[in-house]
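Student: Need coordinates for the following:
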Amino acid sequence: MYIIATMGPNIKDKKVLKEILFSGVNTLRFNFSHGNCTEFLEDLKTARSIKKDVTILLDLSGSKIRISNSLMSVYKIYDSEEVYFCGEDKYKHIKNKISKTNKIIPLNIENRTLMENNYKEISIKDNTMIFNILKKEDDLIKAKTLTGGIIRGGKGCNIKNLNRKYMNLSEKDKLDIKFGIENKVDIICQSFVETAKDIDEIIEFINMYKVESYTPKIWAKIETKKGINNLKDIASKVDGIVIGRGDLIPETSIEDTPIYEEIIIKYLTQYKEKDIIIATHILNTMKNGRMPSICEVESVYNFINKGVTGFLLAGETSIGRAPIKTVKFLNKLVKKYDKFKEI
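Tutor: As a prediction, this is how the structure comes out:
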C-alpha cells in the first residue's frame with residue numbers, strides 16, 4: 001500500500017522529514033506545479049540520505065490551467081464585479097494598453113484554446129472563486145463574479161469541458177522529465193491525462209533519454225470527464241491511475257465525483273498489476289490541526305475494501321499544521337483496515 005506524502009515547506013526540515021519517512025510514508029511526491037528542479041534536487045538528496053529506498057514520485061504539471069505569472073498586479077475581485085479572461089499570448093499584446101478600470105486576467109494557455117468553446121463558468125482556487133461567463137468581447141471572455149477573492153499569478157483554475165487538443169507535452173514537463181531520468185525517480189505521473197496520446201508522448205520522450213537499465217513506472221492522473229470517458233485506453237498504457245480529486249471535483253462536480261471514483265476502481269481492480277491511488281482530500285481536517293472526521297475515516301476504510309493500492313496526502317503534509325500526526329494516523333488506519341480486509 002502506497003502512503004504518499006507531498007514534499008513542501010512544512011516537511012523540508014531534515015528532522016521532520018526523517019520522522020515523516022519513518023512514520024509510515026513509503027513514497028515522497030515532488031509536485032512540479034509548485035517547485036523546480038533546483039530546489040527539489042536538494043530535497044531529493046536529503047530524502048535519500050535519510051531513507052535510501054524511499055520511492056520517489058515525480059508529479060508533472062501537465063495541462064493544468066493557472067493564472068499566468070505575467071499578470072501585472074494582484075487584484076481584489078468583488079462579488080458581482082465584471083472581469084475579463086484571456087490567453088497568455090493575447091495578454092502579452094494588450095497588457096500595456098489595459099486601463100486601470102478593466103481587470104483582465106491572463107491564463108497560461110493560448111487564446112484560441114480559451115475562445116474555442118462556449119463555457120458557462122470559470123473557477124479559481126478549488127472553486128472558492130467562481131465567475132459566470134457573459135459573452136466573448138474583443139477576443140476576451142467577459143465574466144461576472146459570483147464569488148470574489150484575491151487574484152494573483154500561479155493560482156489554479158478550472159474550466160469544465162475545456163478542449164485541450166492544442167496542449168501537447170510542454171517544455172516545462174520535458175525539462176522535469178529529464179530531471180527525473182537523471183535522478184532515477186521511481187514513478188513519473190502525468191496530470192490531466194485525457195487520452196492515450198497524452199501517455200504516448202510521455203513514454204516516447206522518456207525512451208529518448210533514459211538508459212536501458214532504468215524504467216520508471218508511469219501513472220496517469222485522471223481529473224476530467226474526458227479522462228473518465230477514455231479510461232480503458234489510458235489504463236492500457238500505464239502502471240497506475242491516480243484519481244486526482246482536487247481537480248476532478250471542480251472539473252466535473254462534487255456529487256458526480258464518487259460515481260467516477262467507483263467507475264475507475266471497478267475497472268482497475270480487474271488488473272492486479274495496476275495501482276489505484278486516491279489523491280487529495282484524504283484527511284483534510286487534519287491539515288488545520290484538527291482531529292479527522294468520521295467521514296474521512298470511513299472513506300479510507302471503504303477505499304481499502306474496494307481495492308485501492310494507495311493514498312496521496314497533498315496539503316496535509318506540504319503545508320499542513322500537523323504533517324507527522326497526519327501521516328501516523330493514516331498509517332494506523334491502513335494497517336488496521338488492511339488486516340480487517342483479510343479476515
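Student: And the residue nearest to residue 310 when sequence neighbours are not counted, how far from residue 186?
Tutor: Spatial nearest neighbour of residue 310, chain neighbours left out: residue 2 (2.7 Å); criterion: Cβ to Cβ, 6 or more residues apart in numbering. In this view, the C-beta of every residue, glycine as well, is placed from N, C-alpha and C. Distance, residue 2 to residue 186, by Cβ to Cβ, to the nearest Å: 11 Å.
Student: Pick out whichever of those two has more residues nearby.
Tutor: Applying other Cβ atoms under 10 Å to residue 2 and residue 186 shows that residue 2 carries more neighbours, namely 22 against 15.
Student: residue contacts, the more buried one?
Tutor: 26-27, 55, 275, 277, 309-312 (Cβ atoms under 8 Å, 6 or more residues apart in numbering).
Student: Same check on residue 89?
Tutor: Per Cβ under 8 Å, 6+ apart, neighbours of residue 89: 110-111.
Student: for it, helix, strand, or coil?
Tutor: Three-state call for residue 89 (DSSP: H, G, I helix; E, B strand; the rest coil): helix.
Student: Let me have the contacts of residue 2 in a markdown table, extended by neighbour count, distance to residue 128 and pLDDT.
Tutor: Shown next, in a markdown table, are those (neighbours: other Cβ atoms under 10 Å; distance: Cβ to Cβ, whole Å; pLDDT from 0 to 100):
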| residue | neighbour count | distance to residue 128 | pLDDT |
| --- | --- | --- | --- |
| 26 | 16 | 32 | 97 |
| 27 | 18 | 29 | 98 |
| 55 | 16 | 32 | 98 |
| 275 | 18 | 31 | 98 |
| 277 | 24 | 25 | 98 |
| 309 | 18 | 31 | 97 |
| 310 | 21 | 28 | 98 |
| 311 | 25 | 24 | 98 |
| 312 | 28 | 21 | 98 |
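Student: In strands, which of those residues appear?
Tutor: 27, 55, 275, 277, 310-312 (DSSP state E).
Student: right, and the pair among those residues with maximum separation?
Tutor: Greatest spatial distance in these: 55 and 311, 13.7 Å, computed using Cβ to Cβ.
Student: which among the contacts of residue 2 gets closest to residue 202?
Tutor: residue 275 (16.1 Å).
Student: Could you give the bridge partners of the closest one?
Tutor: When assigned by DSSP bridges, residue 275 has beta-bridge partners residue 240.
Student: Pull the contacting residues for it.
Tutor: 2, 217, 219, 239-241, 309-310.
Student: same check, this time on residue 297
Tutor: residue 333.
Student: my hunch is that it is in a strand, does that hold up?
Tutor: No - applying three-state DSSP, one finds residue 297 to be helix, outside a strand.
Student: what's the distance between it and residue 127?
Tutor: Taken as Cβ to Cβ, the span from residue 297 to residue 127 is 24 Å.
Student: same thing with residue 151?
Tutor: 15 Å.
Student: Between these two, tell me which one has more neighbours.
Tutor: Taking neighbours as other Cβ under 10 Å, residue 151 and residue 127 compare with residue 151 leading, 19 against 14.
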